[in-house]
Every structure is written in C-alpha cells, then in structure tokens.
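**Q** sequence and predicted structure below; questions after.
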Amino acid sequence: MKNIREKLKYHFDRFLSKGSIALIVSLFIVLFVIVLLISLIVYIVNPDIAFGSLIWKSLMMTLDAGNLDGVSGSTFYMIMMTLATIVGIFITSVFIGLILNGFQTKLESLSKGRSKVIECNHTLILGYNGSIFVIIKELIEANRSLRRAAIVVLCEKDPVEMNQEIKDNVRNFYTTRVICRTGSIYNQNDLDMCSIDKARSVILLENDMNSIKALLAISDTDFMNKEAGHVSLLMNDADNISVAKSIGKNKVEAINLDSAITRIIAQSSLQKGLSQVYNDLLDFEGDEIYFYKNKSLEGKTFAQTFTFFPKSSVIGLVKNGQPLVKPPFDTLIGENDELILIAEDEDKIQYEERAVEINSDIIRMTNHVSNTKIEDISVIGFNEKTPEAIREYDNYLEKGSKIRILVNSESYLKEIGQLNSTLKNVEVEASVGATYLRPSLEKFLRAECRKVIIFANDNVPHEDKDSQTLLTLLHLREMEEKRGTSLEIISEIADVRNVEVIDLAKSDDFIISELLASKMLTQISENRHLVPVFEDLMDADGSEIYIKSAENYLKAPGTVNFYTICQAAAEKNELAIGYICCRGEHCQDVTLNPLKRDTIDFTFEDKVIVVAEN
C-alpha cells in the first residue's frame, strides 16, 4: 500500500511540474470531484431532487458565490450549498492566481529572449561587440528596398539591455526589425531557436577560437544542408581561415583584414583621402560594388565597356566564374561573363552604347610623374599593425627616408631592431616615453617633421586606447600652433563610438579598423562573391586603389568631362573611378563614381582616384 501511495504521489508531482496548465487541469479535476461528491451526498439524503440538477446547482455555487442568494430548501441542503460556495471561492481564487502567475511567467520568458523566432530570409548575427551597431546600420540601409526585413541577434547578453543599446545607437530602422535572443552561439538548440535553417546569411562576431567553436555548432544544423546561405566572419590570424573553411566547406566566407587595414593606414598617410575612399566604397549609403550581366556585352573587349556606363565605373570582370580586378584590357567578354561595377544602386546601372565626347588633345601620354620621395615620418604608439605599416612605407618611399617611432615600453625595442634589419629604403629610430604626455612629445617630435601617424597602444586597457590617442592629438595641435608649423596627422581609432570625439581634436584623417572591418563583413554577408574582389583590391600583389595627381593625366589644367579622365587613365593601363578637388592645403570631399558626362574644372593640385597595379 505504501509503494502505491508513493508511486501515485511521484506521478502527481511529475504532472504538476509541467507548469501552469497542469495546475489548472488539476484544479478542474478537484472541482469536479467536489461538485460530484456534494451532489451525491445531497441526492442520498433527498432523492426527490434530480441528480443532474444537483450537479448543475453545485457547479454554479462553486463558480459564483452570488448564486447562493435566494436559494431555499432544507437546512441540510443549505449547508451543502454553502459548503460548495466556500470551496468554489477558494478554488476560483487559486485559479485566478495561477492564470496571473502563468502570464507573469510568460512575460518573464519573453523578456529573457527565449521564445522561438518565426522568421524567414533573415540575417542572423552570432555574438555581440562594439561592431554590431555599424553592422546593423549597414544591414538596415541594404534592406531599405525590401518591404519587410529582419535581423536576429543571438548572444548571452540580456535582451532588454541589448534592445536598449541598439535603439540608442541606431537612429532609424526603416523596414527592418531587430530581434534579440539570449543563448549560446555554440548550442544547436539555441541556434534552432533563431531559425538558423531559414536564415539568408549568418554573421559571426567573435574571436578566432570562438568563431571556430560556433562553426562546429552551425555545421550540425540544417543551415549547412540548404543550397542558399553562407557564414561571414573575420579572422585575426590568416592561418585560421583554412580551419574555418574545412569546417564550413563551401558555406563559409572568411577574410583576414589585418594586413589590408595596415596597408590602408600606411597609404593614407601618404595619400590623403584614401581612407574616405574605402569608407565610401564599403558603405551601403554610397556607391557599392555590383556584378552586372548583359548579353549585349558578349564578344566585346573589357576596354570597350569603359564608355558604356555613364553612371557606373567598370573595375573588373568575372571570367569563367573567377572575379578579376582590372584584367587585361583586350580580354574578350564571354556569354556567361559578368562585369564588376561601382554603382549607386543595382537598379541605377545604365547600359548604353553611343559615342561619347573625349578631349584627346588634353590627355597626357607621357609616363607618370614620380610620387616617391624621401620622407621623415614620426610614428607615435605601437601595436601589431605598426611593424606591417613600416614595411609598407619601405615599399613606397625612396631610400634615405626615416621613420622615428615613440613607444611606451622598452620591450618593443628588440622587435623594432629586428624589423630595421629587414628594411631596404627606410631607417627606423626608436625612442621610449609616454606617448600621450607633453614632455615626451616635445622631446620626440623634431621641428622638420610634417607627417605624424598615431597608433593605439596595445599594452593598455581597450577603453583607454582612444583616450590616450585624443590626448596625443591635442598636445600635437598645441605644439603645432606654438611652433608655427603644419602637421599632417593620421590617427588609428580603436573604438568606432569615439569617432566624433576624435574628430573634434582636428585629426587630418583617421582610420577606424573596427569600422572598415564591420562594413566589409556586412558587404560580404550580402554578397559572398565580393570576397575575391576585396582580397584583390587589398593585396599588394594585385590591383589597388591609388590617389594620383591630375598632372599625370592632363597636359594642362582645364575643364574636361570624366570620360576624358577615364580615357587618360586607360592610356596608362589604369581605371579611373573618382577624383578629389584640392585648392591650396584644403581638399574637398572625395567624389567616387561621378557622372561621366559632367565636366570638372581640373587643376594640377587635384587628384584622380584610380585602380592600378602600382
């Protein structure tokens, strides 16, 4: 008997543990038993009353205490009806409490971000860091042409806090909904909760090790089995890309940006405006890279296409499925080949074959005016990008150039000494001192110095990096004013949220590694075929973006349309994609992908933006 009681109690406890529904069902069963029992007792005492009528009367008494008013009968009958009413009051109160508790539990569950996401063709972001706001903004801009779009974010952060931070940092959501869920990006159930199998693409925002762990979890979901969709991620170590691709097979697009960003940092100090070119090119609000196919192009050479697109700039060709940036100009376009264009939007690409006006008389046919020269550059701060940037300088500067570097620790001196022994054209001199204190900067910066590049120190807390950069900038501007000199200062910013503050310090240009990486990652998530294009543009051995003097392309200053500039660049085996108007020391904003029929009043101070091999 004892075993039977224990088994019944065990099964009853299990039933109740299933939640509010089980409790409500239990109450209904108890209520029905009590009603049945009271009706049976009354019927035994007074069999003249119909049993069915007694059940109904007892049920009404338990559900509504007001029904007792006006009831008449024997004393025993009144006592039993009163008992039914009291039991009903108790059970109804418990019932209401259970319903309220169930609603509260459900609301708490929703606030915890644990409910199933019922979305399709959405972008799933796994992980959470400072880059997420840039990525969400870019995705929202890319989705503006869609009627309904969704972004789902999965991480272990509180969803209420996530939602608030996103609302604080993203001004307008347009047609896109952002849905936050709390969970582990390494747990398959949590990935399924976010409907990963129906996602259009997945973006990973984690370090290399965590990204590889997340890929292992993703590889066991239905997302890997469907034809469409891919995973986009950045790798800090290029050697880890092969590991990521071996896990994700053909579903993974991974790119290493350290070397590319280092090259942009180095070249931006030598080519003013280059960082803005890359920002505009990677920004969905401006001009982006598209792939374009038209049967009318079949049989034509790559060079012939330069005049076919009045509102777009041709930069490459997809030949036999292989994207090529600036292929040989005599390459024939095949039936299935696509052009790679810079355009404002895909639906704004215009194709027209007609004669265009080109002023051949003003085009300079001679070789480029050399841009290489002996430089004296000061570098303040040190991180993993600094040695690579110095190697880049060694490729672009003439022999005899000097780079003086101020570091905040003697531990870097050995590495700098080893680096110095590998350089051909540049000599590096290192000094040790506080990179953000006035006495150290006064002692370090020479009077003849005109170019300064500031790197965020890697041996300080992340939140202090940009603060030190800001102090350094302010000191340099005061020193500049005191000495009566003019400095060109390029700053590296560690956190994209500090852009406005750094800009107030009047840096001539700044490179935001996080911003460039986030924008490129978003572009890849929208179009995976852009990976080889970006790799080619940012590879020292491929065709890169350069800013060159207008005197390389024109015999004399004058007013010409951009068709003429494109032809002048083509004569030198280059592709013109924009220009920068400069007057004295001041340059206007970068004009990327201009309308080619528009005329520009060029002077030799102006710059032409080209895609070239050197």
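**A** Thanks, I have the structure now.
**Q** show me the helices in the stretch 1-150 of the chain, by range?
**A** In the stretch 1-150 of the chain, the segments counted as helices under DSSP state H, counting those that start in this stretch are 2-16, 20-45, 51-63, 75-111, 132-142.
**Q** repeat that for the stretch 251-400 of the chain.
**A** 258-270, 274-282, 386-396.
**Q** residues of stretch 534-551 that come out buried?
**A** 534, 536-538, 542-551 (16 or more other CB atoms under 10 Å). Quick note: C-beta positions are derived from backbone N, CA and C, even for glycine.
**Q** between those residues, which sits nearest Thr221?
**A** Among the buried residues of stretch 534-551, Phe534 lies closest to Thr221 (CB to CB), at 27.3 Å.
**Q** was I right to think that closest one contacts Glu253?
**A** No: counting by CB atoms under 8 Å, Phe534 does not reach Glu253; the two are 10.2 Å apart.
**Q** give the intersection of the neighbour lists for these two.
**A** Each of Ile524 lies in contact with both Phe534 and Glu253 under the rule CB atoms under 8 Å, 6 or more residues apart in numbering.
**Q** thought Glu392 was touching Ile264?
**A** No: between Glu392 and Ile264 there is no contact under CB under 8 Å: 9.4 Å.
**Q** I figured Val426 hits Ile390, correct?
**A** Yes: under the contact definition of CB under 8 Å, Val426 touches Ile390, with a separation of 6.7 Å.
**Q** pull up the overlap in contacts between the two.
**A** Once CB under 8 Å, 6+ apart is applied, the residues that Val426 and Ile390 both contact turn out to be Ile403.
**Q** can you pull the pLDDT of Asp598?
**A** We have a pLDDT of 91 for Asp598.
**Q** how about the contacts made by it?
**A** Here Asp598 is in contact with Asn561, Phe562 (CB under 8 Å, 6+ apart).
**Q** how many residues are close by the residue lying closest to Glu514 once chain neighbours are set aside?
**A** Nearest non-adjacent residue to Glu514, counting by CB to CB, 6 or more residues apart in numbering: Val496, 4.9 Å away. The tally of other residues near Val496 (other CB atoms under 10 Å) stands at 19.
**Q** surely Val496 meets Asn129?
**A** No: Val496 is not in contact with Asn129 according to CB under 8 Å; the separation is 10.5 Å.
**Q** run a quick neighbour tally on Ile349.
**A** So Ile349, with other CB under 10 Å, has 16 neighbours.
**Q** and stretch 213-225, how far out from the chain middle?
**A** 21 Å (CA atoms, centre = their mean, to the nearest Å).
**Q** what are the buried residues along it?
**A** Ala214, Leu215, Ala217, Ile218, Ser219, Thr221, Phe223, Met224.
**Q** mind checking the helices of the stretch 1-150 of the chain for the one nearest to Val407?
**A** Going by CB to CB, the one of the helices of the stretch 1-150 of the chain nearest Val407 is helix 132-142, 29.9 Å.
**Q** elements contacting the closest one?
**A** Helix 132-142 sits against strand 123-126, strand 149-155, helix 159-169, strand 176-182, helix 513-526, with contacts defined as 3 or more CB pairs under 8 Å, 6 or more residues apart in numbering; DSSP states H and E.
**Q** hey, which of these is tucked in deepest?
**A** Mean neighbours per residue, mean count of other CB atoms under 10 Å, is largest over the helices and strands packed on helix 132-142 for strand 123-126, with a mean of 28.
**Q** residues contacting that one, please?
**A** With CB under 8 Å, 6+ apart, strand 123-126 has contacts from 132, 135-136, 139, 150-155, 185, 194-196, 199-206, 214, 525.
**Q** hmm, back to that, quick one: pLDDT of the residue nearest to Glu514?
**A** Confidence for Val496, expressed as pLDDT, is 71.
**Q** state the distance from it to Glu141.
**A** Val496 is 16 Å from Glu141, where distance means CB to CB, to the nearest Å.
**Q** and what of Leu27?
**A** For Leu27 relative to Glu141 (CB to CB), the value is 53 Å.
**Q** centre-most residue in this structure?
**A** Nearest to the geometric centre of the chain sits Ile135, at 2.6 Å (CA atoms, centre = their mean).
**Q** how much space between that residue and Leu282?
**A** 12 Å.
**Q** now Ala430
**A** 34 Å.
**Q** and if you look at Lys137?
**A** 12 Å.
**Q** try Val432
**A** From Val432 to Leu282 the distance is 37 Å (CB to CB).
**Q** can you list the domains in this structure?
**A** Domain ranges of the chain: 2-111, 123-256, 376-516, per automatic domain parsing.
**Q** how far off centre is the second one?
**A** Remark: domain 123-256 is offset 9 Å from the chain centroid, using CA atoms, centre = their mean.
**Q** now the end-to-end length of it.
**A** End-to-end span of domain 123-256 (CA to CA, to the nearest Å): 22 Å.
**Q** and if you look at the longest one?
**A** The stretch domain 376-516 measures 28 Å between its terminal residues, going by CA to CA.
**Q** quick one: least confident helix or strand in the protein?
**A** The weakest-scoring helix or strand in the chain, judged by mean pLDDT, DSSP states H and E, is strand 586-587 (a mean of 57).
**Q** what's the following helix or strand after it?
**A** strand 591-592 (DSSP states H and E).
**Q** C-alpha coordinates for the helix or strand following that next one, CSV please?
**A** For strand 591-592, the following helix or strand on the C-terminal side (DSSP H and E) is strand 599-602. The C-alpha coordinates for strand 599-602 follow below in CSV (Å, rounded to 0.1, in the frame of the first residue of the first chain):
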residue,chain,number,x,y,z
THR,A,599,32.6,68.5,-66.6
ILE,A,600,35.2,69.2,-63.9
ASP,A,601,37.5,72.2,-63.7
PHE,A,602,40.8,70.3,-63.1
